[in-house]
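Novice: sequence and predicted structure below; questions after.
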Amino acid sequence: MTPNAPYDAPDTAGHFGPYGGVFVPEILVPAVRELARAYDEARNDPSFQAQIDGLLRNYVGRPTPLTRADGLSAELGRCRIYLKREDLCHTGAHKVNNTIGQILLARRMGKSRIIAETGAGQHGVATATVCALFGMQCVVYMGSEDIERQHLNVLRMRLLGAEVRPATSGSRTLKDATNEAIRDWVTNVRDTFYIIGSVVGPDPYPRMVRDFHRVIGLETRRQLAEAEGRETPDALVACVGGGSNAIGLFHPFLDDADVACYGVEAAGEGLHGRHAATLTLGTPGVLHGTLSYLLQDEDGQVQIAHSISAGLDYPGVGPEHAFLRDSGRVRYVTATDDEALGGVRLLARTEGIIPALETAHAIAFLPRLVRDLDAEAVVVVNCSGRGDKDMGTLAAHL
Amino acid sequence: MGLFVTGGFPTPDDTPDILRAIDRGGADFIELGMPFSDPLAEGLPIQHASERALAAGASMRTTLRAAAEFRSGSETPLVLMGYLNPVLRYGVQAFFHDAREAGVEGVILPDLPPEEREIVSGPAERHGIDLVHLIAPTTPDERIRMIDEVSTGFVYAVSITGLTGTGLGSVDEVGAYLDRARRLVTRNPLLVGFGIGSADDAARLTRHTDGFIVGSALIREIGAKWNPRTGPDAVTSFVRGLRP
C-alpha cells in the first residue's frame, strides 16, 4: 500500500498483497469463478443494489442507529463513545446484511439449494431466515460442540425450516462445520450455493462479504456527520473472528489515515493458554480456500482455537485482515474470555444493552483504548450482535 | 495402476512395510499421502486415516523418511499427495529439496489450482519434481487444455463430482467426461481416480484413460485388516486383485 494511493485491494485474482487467492479443489474452481463473474455483474447492476437496499430497509430494519453511549463514556471517564447498533438488525446481528446479498445473488444465478456453516449460530440463523423469506432449501453445518452451547439458535434455525447438520470431526466447532460445508459443496456443486458467513474462503467471498457489510461503515459516516459534525471518528473498534463485522465498519474509513482502527481478537484463556488470536499469534497458511494467518503447529496442522464465544472460535481469519495487519493500517489487539464477560456486564449495566459474547470482546478493549486517546476523542464501537443467544453460557459464568 | 496410501497410517512405523507390500502387489506407482488436519476433498476413509496418522505422531518428516526408506529398496515411482498448508509450513524450498532427496518424482496438491501454482512451481522445477494438476467433471474444455499445458508427470482426472471414497454413480456420465478429457489431454498421460474400488471399476474406466488410481478402498482394507505380521500379505493380494 503506497501512502497516498486510494485503498483498492484485492487485485483481480483476489489477492490482498500476498494473502487471499483461490485454494480449492478443482471441482470447485469453475463454481468459484462463475460466482465471481456473477457477483461482478450484479454489483454493477443498479437493480441488484436497489433490491438489496429495499430489503435492508424494509426487512432488516436499516439504517441501524448510532447510539451515543453516555453511560459507558461516563463510566470510562474519557471520550465520546458511540455504538453502531447491528444488534438491532433483524435476527440480532450484522450477519444478515451478507445473507441478504448472497441469497439475491443465488437467485440471480438460478441455484436452488443453499448451504452454510455457522459457529455461534448467528450466520446460520441469518441464512435460514433469508431462505425462509425466499422459499429455498437450506442446510446449515454446525459443530456438535456449538450445537450444545448455542442451542437456542439451533431451535431458531429449525423453526425457520433449515436442516442443521452436526459436524462431529476435529474440534467440532466452526472450523469443522466449514470443512463439512465445503465437502457438501464439492458433492452438490451444480445446484448448490454456499453462503459463507465471513470474509474468508476463496475469492470472491472475502471481497463480496465485505462489500455486503460496508453498509455498516457507510451509515456510520453519515450518522457521525449528523451527530458530531464530522464524518470520521478518532477510532473504530470491532471484534474479529473471521472479521466480517470489523471489515464492514473499517473499510469505508481505510483511506482516512487519521481514523485509527482496532480489531479485537479472542485471547480465550490467555495468550499462553488456549485462544483464538490468529493475527496476534498465528503464522501465514492456507485453510478453507484462502491464504491468511492461521493457528497451526510446526508441522502445518491447523490448531484448535478456543474462545468462550463460538463466533470467534476459529483458527483462521479473513485475508484482508492479514493484509491490513501487515501494513499496520489496522491494529489487532486481544481480550480474554474473562474480559469479554466483563464487557457484557459493563455494557448491560451502563447502557441497558446485553451484547453478544463476540461483541463483548470489543467492549472489553475500551478501558485500555480510552487511556491512550484524547479525552474528547470520538470512538465508534461496532455493537455487532445481541446477547440473548448467549444466556446459557452467561448463566454458567456470571 | 497407482495406489494411494496415507503416510503414517495406521502408524508411521507401518508405512515402509505398507509401501513395500503395495509394490509387491504390482503397483506401477504409489501416491504417498501427507496427512493434514483439514482434508477438504476427502471422504470419511481418508479423513479418518489422516486423523489416525496424526494422532500416531505422523508429520512431514516421518512421511519423507518413509519415502526415502522405500526408495532405497525399490524403483517404483513415488508421488506425494496432500494439502498445501503443511508444504508451506515446511518451507517450499526445503520441501522440494527434501522430497528430491527422498527419491520422490512428483507432487499432487489438490487444493492448489494452476492459477496459484507459482507459490510452489519454481522450487518444484528446480528440484526436477513433477507438479500434477487435477481436472474434474466440472472443468470446462478450455480449462482442461490449460491444465494439460501446465501439469507435469500426468493429469489426474477426478472421476466424479464428489469426495474420495464415494461411489462412481452413472457409468455413462463418467465415461462421457473421460472421453472428453481424453480428447483434450494430449501432452500428459491421463489417469483417473476417486471412487475406484475394484478391478471391475478399473476395467470400466481405463477404457478411457491411461491408468487409474485407487485410494479409499485400500485405506478401508488396511483399516480393517492391518497388523504388522499378516497385514503386508493382505495388502499385496488386495493390490494384485485390482488389476483388471
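Specialist: Yes, it's here. Model, not experiment: these values are computed from the prediction.
Novice: point out the residues in the stretch 201-350 of chain A that sit beside chain B.
Specialist: A:283-289, A:294, A:296, A:298-302 (Cβ under 8 Å from any Cβ of the partner chain). Every C-beta, even on glycine, is put in place using the N, C-alpha and C of the backbone.
Novice: what ranges does chain B have for its helices?
Specialist: Ranges of helices within chain B are B:15-24, B:44-55, B:60-71, B:84-90, B:92-101, B:118-126, B:141-150, B:171-184, B:199-206, B:216-225, B:231-240, based on DSSP state H.
Novice: can you tell me which of the residues of the stretch 201-350 of chain A next to chain B is nearest chain B?
Specialist: residue A:300 (3.0 Å; Cβ to the nearest Cβ).
Novice: and the spatially closest residue to that closest one that is not a sequence neighbour, how close does it get to residue B:60?
Specialist: Distance criterion Cβ to Cβ, 6 or more residues apart in numbering or on different chains; nearest residue to residue A:300, sequence neighbours excluded, is residue B:89 at 3.0 Å. Distance of residue B:89 to residue B:60, given as Cβ to Cβ, to the nearest Å: 8 Å.
Novice: highest neighbour count among the residues of the stretch 201-350 of chain A next to chain B?
Specialist: Within those, residue A:287 tops the neighbour count with 31 neighbours, counted by other Cβ atoms under 10 Å in any protein chain shown.
Novice: quick check: phi and psi at that one.
Specialist: Phi and psi for residue A:287, reported as degrees, to the nearest 10, are phi -150, psi 140.
Novice: quick one: it and residue B:39 touch, right?
Specialist: No: contact criterion Cβ atoms under 8 Å: residue A:287 and residue B:39 do not qualify, at 11.5 Å.
Novice: hang on, the earlier thing: and the two most separated of the residues of the stretch 201-350 of chain A next to chain B?
Specialist: A:289 and A:298 (23.2 Å; Cβ to Cβ).
Novice: can you check the pLDDT for the residue nearest to residue A:353 when sequence neighbours are not counted?
Specialist: Distances taken as Cβ to Cβ, 6+ apart place residue A:347 nearest to residue A:353, at 5.2 Å, with adjacent residues excluded. We have a pLDDT of 98 for residue A:347.
Novice: tell me which element residue A:347 falls in.
Specialist: helix A:337-351 (DSSP states H and E).
Novice: quick one: contacts of that helix?
Specialist: A:67, A:69, A:71-72, A:74-75, A:83, A:266-269, A:307-309, A:335, A:353-355, A:357, A:359-364, A:383, A:387, A:390, A:394, A:397-398 (Cβ atoms under 8 Å, 6 or more residues apart in numbering or on different chains).
Novice: which of these are buried?
Specialist: Among the contacts of helix A:337-351, the ones that count as buried by 16 or more other Cβ atoms under 10 Å in any protein chain shown are A:67, A:69, A:71-72, A:75, A:83, A:266-268, A:307-309, A:335, A:353-355, A:357, A:359-364, A:383, A:387, A:390, A:394.
Novice: which ones among these lie within strands?
Specialist: Residues of the buried ones among the contacts of helix A:337-351 located in strands (DSSP state E): A:67, A:83, A:266, A:267, A:268, A:335.
Novice: isn't the fifth one up against residue A:306?
Specialist: Yes: using Cβ under 8 Å, residue A:268 makes contact with residue A:306 at a distance of 4.2 Å.
Novice: what residue in chain B comes nearest to chain A?
Specialist: With Cβ to the nearest Cβ, the shortest gap between chain B and chain A falls at residue B:89, namely 3.0 Å.
Novice: what's near enough to touch residue A:64?
Specialist: If you count contacts by Cβ under 8 Å, 6+ apart, then residue A:64 has A:84, A:85, A:86, A:88, A:89, A:216, A:219 around it.
Novice: what sits opposite the residue nearest to the spatial centre of chain B in the beta ladder?
Specialist: Geometric centre of chain B, nearest residue: residue B:31, 3.9 Å, by Cα atoms, centre = their mean. Assessed by DSSP bridges, residue B:31 has beta-bridge partners residue B:4, residue B:79.
Novice: what segments of the stretch 151-300 of chain A are helices?
Specialist: A:151-159, A:174-187, A:205-228, A:244-250, A:278-281 (DSSP state H, counting those that start in this stretch).
Novice: I'd like these as CSV, with distance to residue A:261 and mean pLDDT appended.
Specialist: Output for these, formatted as CSV (distance: least, Cβ to Cβ, whole Å; pLDDT from 0 to 100):
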stretch, distance to residue A:261, mean pLDDT
helix A:151-159, 29, 95
helix A:174-187, 24, 94
helix A:205-228, 10, 98
helix A:244-250, 5, 98
helix A:278-281, 13, 98
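Novice: tell me the most buried of the ones you listed?
Specialist: helix A:244-250 (a mean of 31; mean count of other Cβ atoms under 10 Å in any protein chain shown).
Novice: show me where pLDDT drops low in the stretch 251-398 of chain A?
Specialist: By pLDDT under 70, the stretch 251-398 of chain A contains no weakly predicted segment.
Novice: picking that back up, give the residues shared as contacts by residue A:268 and residue A:306.
Specialist: Common neighbours of residue A:268 and residue A:306 are listed as A:274, A:275, A:276 (criterion: Cβ under 8 Å, 6+ apart).
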